[in-house]
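A.B. asks: here is a sequence with its predicted model. Questions after.
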Protein chains: 4
Amino acid sequence: ETLGGRFEESVTDAVERFMSLFPLTSSYTSTTSWVAGPMPPCSPTSDRDKILCGLDDIERQIDAGEFVWRMDREDVHMNIEAALTDMIGEPAKKLHTARSRNDQVVTDLRLWCRDTIDKILVRIRKLQVSLVKVGIKNEGLIIPGYTHLQRAQPILLQHHLLAYVEQLERDITRLSNCKERMNFCPLGACALAGTGLPIDRFMTSEALGFTAPMRNSIDAVSDRDFVLELLSANSIIAMHLSRLGEEWVLWASEEFGFLTPSDSVSTGSSIMPQKKNPDPMELVRGKSGRVIGSLVTVLVLCKGLPLAYNRDLQEDKEPLFDSVKTILGVLEVLAEFAQNITFNRAKIQKALPAGHLDATTLADYLVNKGVPFRTAHDIVGRSVALCVSKACQLSELSLDELRSASPVFEADVYEYLGFENAIDKFSSYGSTGSARVAEQMHFWVSKLQIT
Amino acid sequence: ETLGGRFEESVTDAVERFMSLFPLTSSYTSTTSWVAGPMPPCSPTSDRDKILCGLDDIERQIDAGEFVWRMDREDVHMNIEAALTDMIGEPAKKLHTARSRNDQVVTDLRLWCRDTIDKILVRIRKLQVSLVKVGIKNEGLIIPGYTHLQRAQPILLQHHLLAYVEQLERDITRLSNCKERMNFCPLGACALAGTGLPIDRFMTSEALGFTAPMRNSIDAVSDRDFVLELLSANSIIAMHLSRLGEEWVLWASEEFGFLTPSDSVSTGSSIMPQKKNPDPMELVRGKSGRVIGSLVTVLVLCKGLPLAYNRDLQEDKEPLFDSVKTILGVLEVLAEFAQNITFNRAKIQKALPAGHLDATTLADYLVNKGVPFRTAHDIVGRSVALCVSKACQLSELSLDELRSASPVFEADVYEYLGFENAIDKFSSYGSTGSARVAEQMHFWVSKLQIT
Amino acid sequence: ETLGGRFEESVTDAVERFMSLFPLTSSYTSTTSWVAGPMPPCSPTSDRDKILCGLDDIERQIDAGEFVWRMDREDVHMNIEAALTDMIGEPAKKLHTARSRNDQVVTDLRLWCRDTIDKILVRIRKLQVSLVKVGIKNEGLIIPGYTHLQRAQPILLQHHLLAYVEQLERDITRLSNCKERMNFCPLGACALAGTGLPIDRFMTSEALGFTAPMRNSIDAVSDRDFVLELLSANSIIAMHLSRLGEEWVLWASEEFGFLTPSDSVSTGSSIMPQKKNPDPMELVRGKSGRVIGSLVTVLVLCKGLPLAYNRDLQEDKEPLFDSVKTILGVLEVLAEFAQNITFNRAKIQKALPAGHLDATTLADYLVNKGVPFRTAHDIVGRSVALCVSKACQLSELSLDELRSASPVFEADVYEYLGFENAIDKFSSYGSTGSARVAEQMHFWVSKLQIT
Amino acid sequence: ETLGGRFEESVTDAVERFMSLFPLTSSYTSTTSWVAGPMPPCSPTSDRDKILCGLDDIERQIDAGEFVWRMDREDVHMNIEAALTDMIGEPAKKLHTARSRNDQVVTDLRLWCRDTIDKILVRIRKLQVSLVKVGIKNEGLIIPGYTHLQRAQPILLQHHLLAYVEQLERDITRLSNCKERMNFCPLGACALAGTGLPIDRFMTSEALGFTAPMRNSIDAVSDRDFVLELLSANSIIAMHLSRLGEEWVLWASEEFGFLTPSDSVSTGSSIMPQKKNPDPMELVRGKSGRVIGSLVTVLVLCKGLPLAYNRDLQEDKEPLFDSVKTILGVLEVLAEFAQNITFNRAKIQKALPAGHLDATTLADYLVNKGVPFRTAHDIVGRSVALCVSKACQLSELSLDELRSASPVFEADVYEYLGFENAIDKFSSYGSTGSARVAEQMHFWVSKLQIT
């Protein structure tokens, strides 16, 4: 309707429905890009003022949910222009001067992404804080450390939790890089080639908080890198959290029994009254699927598109919004779940001896006595085999039994055996040694300003 | 709330929001699986009747949009059971006998997929019909055939359109296989292990139109193959249609200029008044992204899940629904677009001579005269080089010029040159020869019952 | 070099390297499609015989690894034609009559896929047999059944293993459908439009074992559905096996302790001598990634390609070959792993009481006594709460204690408690009841012809 | 074999084959991480020297291709240790002190990725240079600018090419961020928990050129973010280049006819002697598939893995190597292709009038005269409609005809009509105006140091 002139028929209903983005665009577009934009040349002050007042009014209506979006007005831009025309008449026809929907939509989308990243960063920080607090609450708790899901060495729970805090910290820097890289202003690129009207792109760029205007107008309207980079960063976050979700599902199982979630973050069974399921963690794990799926969606979308703008690009929004909504939800629920779990200290303690977690420490003992590592590895291997046949712990072997594997063993060996001794012996930077982990906890408590 | 007994707290708001499927489940679940299910043992006829009447009433309310879904009642099943209890009291407590949400949800989902496939099949048929009709309307129209987007040989437009009809036919058989394979009934698998109550799974299976009950209750509640297979089939459909979309975008360009879409399926530019964009085709091309993304979502989702049911599986629904909605929309819009394009016969005709499309036919001429193909290929290559240097057509070369490349050429060679002659010479089964294409058109007109 | 005529320069080294498929094509192409093809018209018998003999000889050389592939001869087809020319001279120039690499390559690829599916089917059958044999070896072994990785109900190990056998059976039918759908012959479609030479496509189709020639030559050279469908089927297989891999990793952990793999399918640690890792199962789980990645590769590849053949399609081969190789490897290793694990019956038995797995059976008891299911669910919930507070089993509650939850309980309740009693009570088709599982085992032993 | 001690059987052949990474690891691992590592404590100087000399020797052998890799020695680390033992005897057994393959493999992989990024950056720079040089060679060439693949406005070819240079510049900063973020040293994390032996991780980190040692040993062995981030950056690059590939395929078509590739970067047809195909560009477009597929592979791989190291992670290498190899190849071929194309200036010039590319400039003219933009848009729309009916250009309308649409038109309007005038009128920053584009060309020539 509104693009008139050359067109004689309006689009069919099916086409209108198919191309519609109404449920979406109304959720992210504000009138910002108009208000901050340069005023049309030759317009008397009064026109300028009328437009600004009118847009203010429309923005208020939108915020208040009172604005009536009309499907027959094609998109959000046409709706606003038409509403402004209804309101202030002739001057509204100057609104679209030196504008195209191509540069507007991508300006709006960049503003939205920029704000969104800030929201995600806040949620990541909150999750880091929650994890560190779980660590504080469970100081000194030793759990088995796993490789291949086989018990390997004893570790401090704090050490394990901080591994996720580190992952999240990389997520923060990745999103920050993404935000910096996207913060350039496409406004004024118009359809694709810029304009001959006397606009000041540096002024609009600054007014909207961008670092600078984009250097190439064709690139400005066709680039969706910032969407893809945000979706990639989200995919890595989702992958991280799927690992944490998986672990907490494992830890809440009868078999591991490391933790119990409170009723407030669990669900029951409609048929098995004894069940208490850690559903939120399963969903955290599963929702990684849709975040990755959204990334794939937009990569496929952009593949092979010639420059400059193509309508395909409209399809970037739903996967983007879904990815962001999912990530925000997953981060929130994990932080809440973390605050609602109790570690079963007694049960963990009782189960720790299984798995000969002090074997490596025993090898270190031998190395410290001058035994080459490979030889030490063999000696300990034989000692463990002896334990297996006797169904006992390394610390329960007599000195004679140990010496049957190697004469290097002396009475001080028992200071290295048992999981608590083992933890104490770790000393390298970043290791699970108590002092080392305390340093790291201190670092994060301070960085995250936890009081 | 409703699973009571052992739970002391209700879930937090964030968890409730995070796990909710309300906007979704209400769109696919009917009460069917209860109604068809076996009645609880020991229940007097009156209880049975009360339950059936109550469910009928609830179904009517749902259909009429009057049913009040309550977020605090966890999911659609609990809502229905609670509403039934409000309505008929005590007997409603028998509703969930020999049921679990695990087998119910997957039964409902299979029913939904089965119906959905039928809907997609109808739309595919309609698109096939539309394409064949475009062919009928443009009988005899010769266009360039491309490989590497380089003009290769002349082909009939009908031949080209039928290539898509063939692709769609494979889509139909693929979806039909998928439907058959999924049509087995999980109901009665309960949580995962079946039940000790005297139910008749063959009866419920038959009542719901399934081929047979699933043989293994653990498999029944954990299997999502049918979702993945449908999403895969949709991805292949979407890929097919992205090719057609791409082609029609090309064909609508100034450069190709093969077709003009009517205003009813085009859009204009907010800034360039002379533009007429084939947006629906761009969206058809682009929407392949989300269909493929949805497939990836569910593959990632299912990866590495231990048996049997895990809450992650709830996440299968949104990508499934989105994929189906998209495919239905894309098929509809393509059929409509096909009915609203005009082929520019004069412009195509005028451009056809470019590209030496009759070169292969010329080589065939030589082969028929006994020249080995490789030698013929060389001779024609040299003749084309001559045309390029003279900026003329093969048919414009004199016999002497042709004979300078090979003495085998005789006067009858001109019956093989020119794109119309070239088309006439094709004779192999499935080729672009007029008679062959007519046979294929006849086959499809008859199969699709076009009148 | 070999396509001569019009070209004056040969391609640069970088382009030659970039476009090369040598390492690949030599692994799948045989000369079959030539041999079975129709002979050039007008050729005297002696030419035909020379060609056939020459091709036979080349095939022998290829099989023996003696054939010298030359990079400067572009591809496998050009190599064979040139080698034949070196060998028999002039008649070899007729080889390419009524042929194009476009139809040849896709004919070869279909033949390869058809054979490959047969190989995969054999491996799937072997894995099914291995799983059933594990079941036979561990008859009567009860393990916990899980939902949400929480213990839910007792199940028979056989029942659990057969859930995977069922998944694999669907994989078999899916691959079989795929094979049937792909078994149509593109040969004779030539470049895209067919040919004017008198060939018999029905004869070549039959000679190569296809159901029929493809009906549309444009479709014949551009269709890659069969690749995508095989990759999709493989992705579903890989997903299935990732679940089995995940489970066996869990089951091999200290915490579950259900099974111990033999040394022949485990690895050790370079640093922790006590470790024994189920690496093959981790790789089975992880390799699902590349199978899914290969599917995505080809979907992205095909997106938006106009008809007919485009060089992009060459890129279908590596992901296809990698997917197939991975699936064959994963199936083989799983079957071997299955033969090399021991279930720790005593440990499982000892751990089974945890989790109140008989709770649902107790609810069924009440339902059988006429208590509505929802009420029964509540009563059992309270009984379980009592057990939790007393740290005991349901079977260890006194009748008085049980009756404090409901007066319906009578002495016969103890026939329903304990996991062995619970298993015995399941009776529905497909359930974990001993008799039901025995029927299913019988079905599979017979179907798989296990002796 | 080499991990001895507790193991009684060696792994089966199938398992050995399945788990092998030989063809891969030998291509990326050097002995660097050992050489730079801290020496074992308590070792006499002579042991240290023997180890260093031995490793030097082995490195030389590997570089010279003389080193014999043995499949039965499990992996690259075990091979080197065993070879060192064969060479220097007892001291070699100290090699693995304070080491685990878990931290070694990830150290090697980070070193490899770091070097690889530098290689990719060099190739991107080369492509930018090639594109700018194409621009220099074709100064002043005006082509149609497209949106929706419909002609929109005239643009300078230089402007269009620089849009790709901008995309590549973002790729460079993205890869640089990725490199910085990954440049932290995992060495010394050992299996997962660190070590009790007195090592100096800051020393090794510095010796290997890392910024600092990683802070958390569990994170150090389980993190694969750097692989995913590199694969994501590659996917965005591949997407960019698929767009360029698509465009150049279009531009090389008969219909567009903008450019002709030289024979050195084209291929012919085995059947159609007149064809000249831009295959390298089709492959550039198509290879985006495998780059995206590789990203999906590793995302699926990492999903849901519990900490710390799992064998699944071994599967990160093939997709990583394939992605990098593909990106390097695509960048190289594009740069070469760019140097081997000729723009068909005359043909482009002749086709430019089609499409009314000066319509927007005409609207700007009216706006400059005080007509509101929306009104100007309508007026121009009507003028274009008049041209369409008369089959003429806007510049061919008489002043009277123009004034029939609006009385505002005056004689100076003809300074705005025609594509060359139109180009001249663009003036905004980043627009296609000649002066603006010259500034941008100058910027890039200087930045890329093109002489």
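C.D. replies: That came through fine.
A.B. asks: contacts only, for the residue of the stretch 101-250 of chain A found nearest chain C.
C.D. replies: Per C-beta to the nearest C-beta, A:His148 is where the stretch 101-250 of chain A lies closest to chain C, at 3.8 Å. Every residue, glycine included, has its C-beta placed from N, CA and C. Each residue near A:His148 by C-beta atoms under 8 Å, 6 or more residues apart in numbering or on different chains is listed here: C:Val249, C:Lys275, C:Asn277, C:Pro278, C:Asp279, C:Glu282, D:Tyr309, D:Asn310, D:Arg311.
A.B. asks: looking at the residues you listed, which one is closest to chain B?
C.D. replies: Nearest to chain B among the contacts of A:His148, with distances taken as C-beta to the nearest C-beta, is C:Val249, at 9.2 Å.
A.B. asks: state the number of residues packed around that closest one.
C.D. replies: Under the neighbour criterion other C-beta atoms under 10 Å in any protein chain shown, C:Val249 is assigned a count of 27.
A.B. asks: in this structure it contacts C:Pro280, no?
C.D. replies: No. If you go by C-beta atoms under 8 Å, C:Val249 and C:Pro280 don't touch, sitting 9.9 Å apart.
A.B. asks: what about the strands in the stretch 251-400 of chain A?
C.D. replies: Assigned by DSSP state E, counting those that start in this stretch, the stretch 251-400 of chain A shows strands spanning A:259-261, A:341-343.
A.B. asks: which of those strands sits most buried?
C.D. replies: strand A:259-261 (a mean of 20; mean count of other C-beta atoms under 10 Å in any protein chain shown).
A.B. asks: for the record, mean pLDDT for it?
C.D. replies: If you average the pLDDT over strand A:259-261, you get 93.
A.B. asks: which residues are contacting it?
C.D. replies: Taking C-beta under 8 Å, 6+ apart as the rule, strand A:259-261 contacts A:Trp248, A:Trp251, A:Ala252, A:Lys276, A:Pro278, A:Phe337, A:Asn340, A:Ile341, A:Thr342, A:Phe343, A:Asn344.
A.B. asks: would you quantify the distance from A:Asp378 to D:Leu192?
C.D. replies: Distance of A:Asp378 to D:Leu192, computed by C-beta to C-beta, to the nearest Å: 22 Å.
A.B. asks: show me which of the two is the more surrounded one.
C.D. replies: D:Leu192 (30 against 22).
A.B. asks: name the nearest residue to that one, ignoring sequence neighbours.
C.D. replies: Among residues not flanking D:Leu192 along the chain, D:Ala308 sits closest, at 3.9 Å (C-beta to C-beta, 6 or more residues apart in numbering or on different chains).
A.B. asks: what about that neighbour, distance to chain B?
C.D. replies: Distance, D:Ala308 to chain B, by C-beta to the nearest C-beta, to the nearest Å: 17 Å.
A.B. asks: check contacts around that residue.
C.D. replies: D:Ala308 touches A:Gly145, A:Tyr146, A:Thr147, A:Ala152, A:Ala163, D:Asn102, D:Ala191, D:Leu192, D:Ile218, D:Val221, D:Ser222, counting by C-beta under 8 Å, 6+ apart.
A.B. asks: okay, now the fifth one: neighbour count?
C.D. replies: Residues contacting A:Ala163 under the criterion other C-beta under 10 Å number 24.
A.B. asks: I'd say it and D:Asp219 touch.
C.D. replies: Yes. A:Ala163 is within contact range of D:Asp219, at 4.1 Å (criterion: C-beta under 8 Å).
A.B. asks: now do the residue in the stretch 151-300 of chain A positioned nearest to chain D against A:Leu109, distance only.
C.D. replies: Closest residue of the stretch 151-300 of chain A to chain D, C-beta to the nearest C-beta: A:Gly194 (2.2 Å). For A:Gly194, the distance to A:Leu109 (C-beta to C-beta) stands at 19 Å.
A.B. asks: neighbour-wise, which of those two wins?
C.D. replies: A:Gly194 (30 against 22).
A.B. asks: tell me the secondary structure of the more buried one, please.
C.D. replies: Counting by DSSP: H, G, I helix; E, B strand; the rest coil, the backbone at A:Gly194 sits in coil.
A.B. asks: chain neighbours aside, what residue packs nearest to it?
C.D. replies: D:Ser431 (2.2 Å).
A.B. asks: if I've got this straight, that neighbour is in a helix?
C.D. replies: No. Per three-state DSSP, D:Ser431 lies outside any helix segment and is coil.
A.B. asks: show me the contacts for it.
C.D. replies: Contacts of D:Ser431 (C-beta under 8 Å, 6+ apart): A:Ala189, A:Ala193, A:Gly194, A:Thr195, A:Gly196, A:Ser217.
A.B. asks: what's the burial count for the residue lying closest to A:Pro186 once chain neighbours are set aside?
C.D. replies: Distance criterion C-beta to C-beta, 6+ apart; nearest residue to A:Pro186, sequence neighbours excluded, is A:Ala220 at 3.7 Å. The local packing of A:Ala220 (other C-beta under 10 Å) involves 29 other residues.
A.B. asks: buried set for the helix or strand containing A:Ala220?
C.D. replies: Secondary structure assignment for A:Ala220, by DSSP states H and E: helix A:217-222. Across helix A:217-222, burial judged by 16 or more other C-beta atoms under 10 Å in any protein chain shown covers A:Ser217, A:Ile218, A:Asp219, A:Ala220, A:Val221, A:Ser222.
A.B. asks: closest one to chain B out of the residues you listed, please.
C.D. replies: Looking across the buried residues of helix A:217-222 and measuring by C-beta to the nearest C-beta, the closest to chain B is A:Val221, at 11.2 Å.
A.B. asks: isn't the closest one right up against A:Ala193?
C.D. replies: No. Look at A:Val221 against A:Ala193 with C-beta under 8 Å: they stay out of range, at 9.3 Å.
A.B. asks: run through chain A and note the low-pLDDT ranges.
C.D. replies: A:1-12, A:14-45, A:269-274 (pLDDT under 70).
A.B. asks: hmm, what's the outermost residue in it?
C.D. replies: A:Asp400 (54.7 Å; C-alpha atoms, centre = their mean).
A.B. asks: other SSEs contacting the one helix or strand A:Val437 maps to?
C.D. replies: Using DSSP H and E, A:Val437 falls within helix A:434-447. Judged by 3 or more C-beta pairs under 8 Å, 6 or more residues apart in numbering or on different chains; DSSP states H and E, helix A:434-447 is in contact with helix A:101-137, helix A:157-182.
A.B. asks: list the contacts of that helix.
C.D. replies: Here helix A:434-447 has contacts from A:128, A:132, A:135-136, A:140, A:156, A:158-159, A:162, A:165, A:423-424, A:426-430, A:450, D:194, D:215-216, using C-beta under 8 Å, 6+ apart.
A.B. asks: what does the stretch 1-150 of chain A put close to chain C?
C.D. replies: A:Pro144, A:Thr147, A:His148, A:Leu149, A:Gln150 (C-beta under 8 Å from any C-beta of the partner chain).
A.B. asks: those residues in helices, which ones?
C.D. replies: Of the residues of the stretch 1-150 of chain A next to chain C, none are assigned to helices by DSSP state H.
A.B. asks: now the residue in the stretch 301-450 of chain A positioned nearest to chain B: how far from B:Val284?
C.D. replies: The stretch 301-450 of chain A approaches chain B most closely through A:Asp312 (3.0 Å), counting by C-beta to the nearest C-beta. Separation of A:Asp312 from B:Val284 (C-beta to C-beta): 9 Å.
A.B. asks: any chance of the backbone angles for the residue lying closest to A:Ser205 once chain neighbours are set aside?
C.D. replies: Nearest residue to A:Ser205, sequence neighbours excluded (C-beta to C-beta, 6+ apart): A:Cys185, at 3.7 Å. Per-residue torsions, A:Cys185: phi -100, psi 120 (degrees, to the nearest 10).
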